[in-house]
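In: predicted model and sequence follow; I will ask about them next.
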Amino acid sequence: MKEASPGYRPVTVFVAGIAVIALVALVTVAVVQNKPLPKSTRYRYGIVLDAGSSHTALYVYKWPAEKDNNTGRVTQTESCPGISSYASNPQGAGDSLRECMLKAAKWVPSSRHGETPLYLGATAGMRLLNVLSAVEGALHSYPFSFRGARILSGPEEGSFGWGQATTGALDLGGASTQISFVSAHFNGSQSPGNLMTFRLYGNDYDLYTHSFLCYGKDQALRQTLARQTQSGQSSVSDPCFHPGYIRVREYSDLYNTPCLADLAPRTPPTNFTLLGTGNFQGCQELIKSIFNFTQCRYSRCSFNGVYQPQLQGSFEAFSAYNYVLDFLNLTDTSVSLEDVKARLREYCATPWSLLQKQHPTTKRKYLAEYCFGGTYILTLLTEGFNFTADTYKDITVVRQIKGSDAGWTLGYMLNLTNMIPAEAQDTPPLPYAGYVSVMVVTAVVLALILLFLAYRLQRTHCSKPHKIV
Ligand SMILES: Nc1ccn([C@@H]2O[C@H](COP(=O)(O)OP(=O)(O)O)[C@@H](O)[C@H]2O)c(=O)n1
Ligand SMILES: [Ca+2]
């Protein structure tokens, strides 16, 4: 009997060869071919300027380049001066955004500048077209893809700030305030002007939304001052300011707003002296006087004859709701309305001199107005929007919604870049890491099977007794 030859059979060599080639090929494809994009181009960016009544805010958004539907993370924000204050100096309005825009140019990788959309949306009191056109000119000079500056309508301002079907949005700005929510009792037939319809992820939504111009925090305050100066008083005792607060204000300055058009006394003195008395109750009465509750031609109204369906679901409150309630330690809405009132009663009565000592770093203008702000918020929510002791708990005060700064800017950008998905998404593609893992595991398993097969073939070949021919 002749000993079996120790050499490999060609079929064994062939199978083992295939195994090695398969392994190398698959790992190569997985690792080399599907290399992630270089860091600087892995993301896309979008910039939105929110030209509000009190300041302009810049938001830089960032999302993975392969997934336009995965938008929504705000990466940087910056506050620039308000462009409305440049009404008489349009050139200055454009220049005022320079610092903000230079920061944006640093934050967005330069290879992405040219394709990064840049939008400016102006809200509420910003109907100053000459300023807007100057700003447009200035924004064209940056390396981004500028897509225009425009004024948002009230419904747009309200509805783009709304993000989740079950959660309403409450936005309190300086010039206007917005309320938006989905209500089973609303289909637009009662009041078509308050209806915004959306198709999102395969569902249709009928959103109720209303923007109250002149009922933002600053314009509401001016309205209360107007109530107290209608006969050209030279001194005013204002319950919404702290005891000991005293300030001389100019009539021309106070009445220099469309919200108080035709209300200015005919021959007022130049100035009036504002004296704080720090009385919550009195402040609330004064604030109530700027709302009209008497006329309503619908089944139900909020105020000023504006239709509002029954409140429904939870709410997220942001902007000045957040600034003011955060300062007053009142963002916890599980605190009862009675306790909120007690806190405001005590806070408004705090002497101005003491308050300044307690908060040396807070901007004086803001500090002086938190008593008014808190009282206004409480009154707007309960008397205006009809929140009750019970439904007040449904409000969450937020700075951010789902990781993005709360507000209308993200919705505005997604809408203008056609990135709001109307239909439900297909199963999402495998992320890069998942893809590589699947490829490597498949390759290794395949190679192991083939190597095992080769080994078995070789063994059968060696152990089988060879026939002697
Ligand atoms: N840190 C801040 C910023 C703004 N505010 C006030 O919050 C209100 C809304 O500010 P905003 O800039 O969101 O208003 P708009 O510019 O959108 O009209 C204004 O009355 C500001 O004076 C504040 O109390 N604390
Ligand atoms: Ca705003």
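Out: Thanks, I have the structure now. Ligands and ions are numbered 1, 2, ... in the order given.

In: where do the helices sit along the chain?
Out: Ranges of helices in the chain, per DSSP state H, are 10-28, 90-96, 98-107, 129-140, 154-160, 217-229, 251-254, 280-288, 320-327, 337-348, 352-358, 364-379, 409-416, 432-463.

In: can you say which of those is nearest to residue 272?
Out: The closest of the helices of the chain to residue 272 is helix 217-229. By CB to CB, the value is 5.7 Å. In this view, the C-beta of every residue, glycine as well, is placed from N, C-alpha and C.

In: the closest one near ligand 1 anywhere?
Out: Yes - applying CB under 6 Å from any ligand atom, one finds that helix 217-229 is in contact with ligand 1 at 217-218.

In: which parts of that helix are buried?
Out: For helix 217-229, burial by neighbour count (16 or more other CB atoms under 10 Å) applies to 217-226, 228-229.

In: got the CA coordinates for that helix in CSV?
Out: Only the C-alpha atoms of helix 217-229 are listed here, as CSV (Å, rounded to 0.1, in the frame of the first residue of the first chain):
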residue,chain,number,x,y,z
LYS,A,217,-44.5,91.8,26.3
ASP,A,218,-43.1,95.2,25.3
GLN,A,219,-46.1,96.4,23.3
ALA,A,220,-48.5,95.2,26.0
LEU,A,221,-46.5,97.2,28.6
ARG,A,222,-46.8,100.3,26.3
GLN,A,223,-50.5,99.7,26.1
THR,A,224,-50.8,99.8,29.9
LEU,A,225,-48.7,103.0,30.0
ALA,A,226,-50.9,104.5,27.4
ARG,A,227,-54.0,103.8,29.5
GLN,A,228,-52.4,105.8,32.3
THR,A,229,-51.3,108.7,30.2
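
In: who touches that helix?
Out: 53-54, 125, 172-177, 213-214, 236, 238, 240, 249, 251, 254-255, 257, 259-260, 263-265, 268, 272, 274, 286-287, 289-290, 320, 324, 369, 372-373, 376, 380 (CB atoms under 8 Å, 6 or more residues apart in numbering).

In: cutoff 6 Å now
Out: With contact meaning CB atoms under 6 Å, 6 or more residues apart in numbering, helix 217-229 is reached by 172, 174-175, 236, 254, 259-260, 263, 272, 286, 289-290, 320, 372-373, 376.

In: what's the spacing between it and its chain's center?
Out: The chain centroid and the centroid of helix 217-229 are separated by 28 Å under CA atoms, centre = their mean, to the nearest Å.

In: most tightly surrounded among the helices of the chain?
Out: helix 154-160 (a mean of 24; mean count of other CB atoms under 10 Å).

In: what's it packed up against?
Out: Helices and strands touching helix 154-160, by 3 or more CB pairs under 6 Å, 6 or more residues apart in numbering; DSSP states H and E, are strand 176-182, strand 203-213.

In: tell me which of those lies nearest to residue 328.
Out: strand 176-182 (18.0 Å).

In: just the CA coordinates of that closest one, formatted as PDB?
Out: C-alpha atoms of strand 176-182 as PDB (Å, rounded to 0.1, in the frame of the first residue of the first chain):
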ATOM      1  CA  SER A 176     -46.700  90.000  19.300                       C
ATOM      2  CA  THR A 177     -47.700  86.700  21.000                       C
ATOM      3  CA  GLN A 178     -48.700  83.500  19.300                       C
ATOM      4  CA  ILE A 179     -50.800  80.500  20.300                       C
ATOM      5  CA  SER A 180     -51.000  77.300  18.200                       C
ATOM      6  CA  PHE A 181     -52.500  73.900  18.900                       C
ATOM      7  CA  VAL A 182     -54.400  71.100  17.300                       C
END
